[in-house]
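In: Sequence and predicted structure, then a few things I'm wondering about:
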Amino acid sequence: MPASFSCMSFTIEKGREFMQALTDTTYTEKAGKRKNCFYRLGKDMKKNPILYLMILPVVAYYIIFHYVPMYGIQIAFKDFVPKLGFLGSPWVGLDHFTRFFSGYNFKNLLRNTLEISVYGLLVGFPIPILFALLLNYLPGKWFQKSVQMVSYAPNFISTVVMCGMITIFLAPDTGIINQLVKALGGKPVAFLSVPEFFKSIYVWTGVWQGMGFSSIIYISALSGVDYQIHEAAIIDGATKLQRILNIDIPSIAPTMIILLILSLGSIMGVGFEKIYLLQNPLNMSASDVISTYVYRVGLIDSDYSYSTAIGLFNSVINAFLLIIVNSVAKRFTSTSLW
């Protein structure tokens, strides 16, 4: 055997041994980390049993009502017949997804869902931040607390009552908005019957209702800013706007990023109740979204497999968006969900 060939065989053999040793070491390290993690968790549970007992109902809720029902997702790939059950229903593969994507209303549903979600995000995300910054600079604790209390109140109005208020206020004949329009010389408008107005009505009423409550987390973040930094900035002659831009906003930036990630991760999840209650045949072209369509085909038409497939598509898109946005945030900032 030539010396060069023998040397090459020896090198390859040594390379294999090195890679095997490296693999074994990596596996051992991972196993050690997992074992150490479980050990620390068990130790912490023994140390703080009351805290884990308090968490137990929440964990049980998510397991029973969120994870266990995932077993039923399989009907998205079957022609579900209640009599035959999950396992006995015939398999149809991706037929329900193909039916949805090729449907005449797919583009309209997707467009309405995205337009309402993006519109709501563009308007509803910055306003609570601005409101929290405004509250932070209001003079007098009593006045500040009073404004906070008044701004929180609309959040506790139920969706049904909220939609009733919107319908009454926007009524063509007796609504307060149309009364003002007539007082200014205009003609009454049936706002909820005009598709072009629906998205703005939905988004801006939602902002009014949730603005105060959504600002709580930003107010809490602002309260953690060291006031000595503000005092130093005031001594240096900084204005309120400069303090907001250079102290407050950088301090609450991690909170803003986390909430933005969560908002973008649920961009396909437009709320069902409010849209359904404000929906009518005249505004259907602008108000029909994926969630209301799932309700019609799933609960009214009893097409369970088709509606499950649509819901699964919606959830998968949200999951992908969450992963992508979180990865981008993690790459360009030091803040992310994981």
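Out: Nice, I can see it.

In: Please make it C-alpha for all contacts and neighbour counts, starting now.
Out: OK.

In: And whatever helix or strand Ile323 lives in, what's buried?
Out: In this assignment (DSSP states H and E), Ile323 forms part of helix 304-332. Using 16 or more other CA atoms under 10 Å as the test for burial, helix 304-332 gives 304-315, 318, 321-322, 325-327, 329.

In: Equivalent analysis for stretch 192-202, please.
Out: Buried residues in stretch 192-202 (16+ other CA under 10 Å): 192-193, 195, 198-199, 201-202.

In: Once you drop chain neighbours, what's closest to Ile219?
Out: Of all residues not flanking Ile219 in the chain, Ala132 sits nearest, at 5.4 Å (CA to CA, 6 or more residues apart in numbering).

In: how about low-confidence regions in this protein?
Out: Across the chain, the ranges flagged by pLDDT under 70 are 1-35.

In: what residue is smack in the middle of this protein?
Out: Ser266 (3.3 Å; CA atoms, centre = their mean).

In: Am I right that it is in contact with Asn318?
Out: Yes. Assessed by CA atoms under 8 Å, Ser266 is found in contact with Asn318 at 5.5 Å.

In: Show me where the stretch 151-300 of the chain has its helices.
Out: 159-169, 176-183, 195-214, 216-223, 227-235, 240-243, 249-265, 272-278, 284-287, 290-295 (DSSP state H, counting those that start in this stretch).

In: what helices or strands is the fourth one leaning on?
Out: Of the remaining helices and strands, those touching helix 216-223 by 3 or more CA pairs under 8 Å, 6 or more residues apart in numbering; DSSP states H and E are helix 126-136, helix 249-265.

In: Check the fifth one too.
Out: When contacts are defined as 3+ CA pairs under 8 Å, 6+ apart, helix 227-235 sits against none of the other helices and strands.

In: how near is the residue nearest to the centre of the chain to Leu241?
Out: 32 Å (CA to CA, to the nearest Å).

In: Same check on Ser200?
Out: Distance from Ser200 to Leu241, counting by CA to CA: 30 Å.

In: try Gly210
Out: For Gly210, the distance to Leu241 - CA to CA - is 25 Å.

In: Tell me which of these two has more neighbours.
Out: It is Gly210, of Gly210 and Leu241, that has more neighbours when counted by other CA atoms under 10 Å, with 19 against 10.

In: Can you tell me how far the residue nearest to the centre of the chain is from Leu56?
Out: From Ser266 to Leu56 the distance is 26 Å (CA to CA).

In: what do you get for Gln228?
Out: Where Leu56 is concerned, Gln228 sits at a distance of 41 Å (CA to CA).

In: again with Ile168
Out: According to CA to CA, Ile168 and Leu56 sit 44 Å apart.

In: These two: who's more crowded?
Out: Remark: of Ile168 and Leu56, Ile168 carries more neighbours, 15 against 11, as counted by other CA under 10 Å.

In: Surely that one touches Asn178?
Out: No. The criterion here is CA under 8 Å, and Ile168 misses it with Asn178 at 10.5 Å.

In: I'd guessed Val203 sits against Ile116; true?
Out: Yes. Val203 is within contact range of Ile116, at 7.2 Å (criterion: CA under 8 Å).

In: In a strand, Leu41, correct?
Out: No. Secondary structure of Leu41 (DSSP: H, G, I helix; E, B strand; the rest coil): helix, not part of a strand.

In: how near is it to Trp338?
Out: Leu41 is 19 Å from Trp338, where distance means CA to CA.

In: More neighbours: which of the two?
Out: Leu41 (12 against 7).

In: tell me how far the ends of stretch 155-162 are from each other?
Out: So stretch 155-162: terminal residues 10 Å apart, CA to CA.

In: buried stuff in that stretch?
Out: Neighbour-count burial for stretch 155-162 flags 155, 159, 162 (criterion: 16+ other CA under 10 Å).
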